[in-house]
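Engineer: Sequence plus predicted model, see below.
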Amino acid sequence: MNKSSVKTARHLDSIGQVLTLQGWVRTRRDSKAGFSFIEINDGSSQGNIQVIADGSLANYESTIKSLSTGCSIAVTGEVKASGGQGQATEVHASAVELIGECDPETYPLQKKRHSFEKLREWAHLRPRTNTFGAVARVRNCICNSIHQFYQEREFLYVHTPIITASDCEGAGAMFQVTTLNLDQIAKKQIEKLDFAQDFFQRRAYLTVSGQLEGEIYATALGKIYTFGPTFRAENSNTSRHLAEFWMIEPEMAFYDLDDNMDLAEAFMKRIVTDALARCSEDMEFFDKQIEPGLIASLQHVADSSFVRLPYTEAIDVLQKSGKKFDYPVEWGTDLQSEHERFLTEEHFKCPVILFNYPKTIKPFYMFCNDDDKTVRRGSS
């Protein structure tokens, strides 16, 4: 049995091969001429592949004509060039095996769009939708590109602790980890907890950053990067606040600010370029269904030379813009989202890296410039 994926079978190189595909039925349409068109998807690509099942197959009446959306099947057949619009190949089935039935009366995912809120009710089926499937494939591509990017530059991948006692410069509110019996403690109404009875015999938290451990490794190994889950207990419901997310943190010995900015620009361009090239169908789906103009915007990032702007000059641009901001623009304060969006989307119309921030709003250990007001620190 020459098992393959839908993604592979959709390529012209597969024409003439006899393959076995296993996946889930998206649609089935019966022809009066005595055969059926079955669209299946196995998650390997955004697009489905069309299977033509002839009425002469032994289980045509008993099985094939009963297939409904959600059924899992195995199809064996020859891949042929397709005359249909929007598809390069199709499979002419020599055998169709039902692996798992699906009740069409109760299966909730149908050939129509469902809201994200509605999909919360069917969490076990969400990955079968176009949107969640695309998210998974693009994220997989990005993760692969992250490792390729740093490995090609001789960075070492290090694993920093997920459970820690450090708040890493106060990077954010932390989730506490404990093995204490909180129900029992609540019943006893204990005013002061004895953490000597806890697993680590002290307070422990989920990490907000692997930076401190990363810096230690960089001072021994030269160039390292961390890439793993981090957690923030800030109860803010915005696109910039997540309770759990994966963070990339490169740390490099002997890098100056220009080296850092070069790395950041090259990294962003690589991730965007790979996603557009390797997940073109998924990105086209996002561009059409989720965020119109997304591909053009990302291509612009990949093609642009990032503007590198001192913080002081950025403040000057904002103050002279004539634009009314919700948050006042003053030297010595951190920039808000509206300020950043004005600089990138309206003024420069490209990605911007700011550097030489005021020392009063950056950590104490930052390298101080000769003006004794700013530090050699950038942000993009």
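Structural biologist: Thanks, I have the structure now. Numbers count the residues shown, from 1 in each chain.

Engineer: Backbone dihedrals for residue 226, please?
Structural biologist: phi -110, psi 150 (degrees, to the nearest 10).

Engineer: Apart from its neighbours in sequence, what residue is nearest it?
Structural biologist: residue 210 (4.0 Å; Cβ to Cβ, 6 or more residues apart in numbering). (C-beta placed from N, C-alpha, C; glycine too.)

Engineer: same deal with residue 59?
Structural biologist: residue 96 (6.9 Å).

Engineer: Number of residues surrounding the residue nearest to residue 226?
Structural biologist: When counting by other Cβ atoms under 10 Å, one arrives at 27 neighbours for residue 210.

Engineer: Neighbouring strands - and their directions - for the strand or helix carrying the residue nearest to residue 59?
Structural biologist: Using DSSP states H and E, residue 96 sits within strand 89-100. In the sheet, strand 89-100 lines up against strand 49-54 (parallel), strand 72-81 (antiparallel) (DSSP bridges).

Engineer: Distance from the shortest one to the middle of the chain?
Structural biologist: So the one you mean is strand 49-54. With Cα atoms, centre = their mean, to the nearest Å as the basis, strand 49-54 stands 33 Å off its chain's centre.

Engineer: again with stretch 293-300
Structural biologist: 17 Å.

Engineer: try stretch 233-241
Structural biologist: 17 Å.

Engineer: Over to stretch 346-357?
Structural biologist: Mean-position distance between stretch 346-357 and its chain equals 24 Å (Cα atoms, centre = their mean).

Engineer: got a list of contacts for it?
Structural biologist: Applying Cβ atoms under 8 Å, 6 or more residues apart in numbering, the contact partners of stretch 346-357 are 257, 261, 264-265, 268, 300-301, 304-312, 314, 317, 321, 323, 335, 340, 343-344, 369, 374-380.

Engineer: Identify each buried residue in it, please.
Structural biologist: By neighbour count with 16 or more other Cβ atoms under 10 Å, stretch 346-357 contains the buried residues 347-348, 351-357.

Engineer: Give me the neighbour count for residue 51.
Structural biologist: Neighbours around residue 51, by other Cβ under 10 Å: 24.

Engineer: Would you confirm that it contacts residue 39?
Structural biologist: Yes - between residue 51 and residue 39 there is a contact at 7.5 Å, judged by Cβ atoms under 8 Å.

Engineer: Tell me which helix or strand the residue nearest to the spatial centre of the chain sits in.
Structural biologist: Geometric centre of the chain, nearest residue: residue 139, 3.7 Å, by Cα atoms, centre = their mean. Residue 139 is part of helix 130-152, with elements assigned from DSSP H and E.

Engineer: same question, residue 258
Structural biologist: In this structure, residue 258 sits in helix 257-278 according to DSSP H and E.

Engineer: For the next helix or strand after that helix, what does the pLDDT average out to?
Structural biologist: Sequence-wise, the next helix or strand downstream of helix 257-278 (DSSP H and E) is helix 280-285. On average, the pLDDT along helix 280-285 is 98.

Engineer: Distance from helix 280-285 to the middle of the chain?
Structural biologist: Counting by Cα atoms, centre = their mean, helix 280-285 comes out at 14 Å from the chain centroid.
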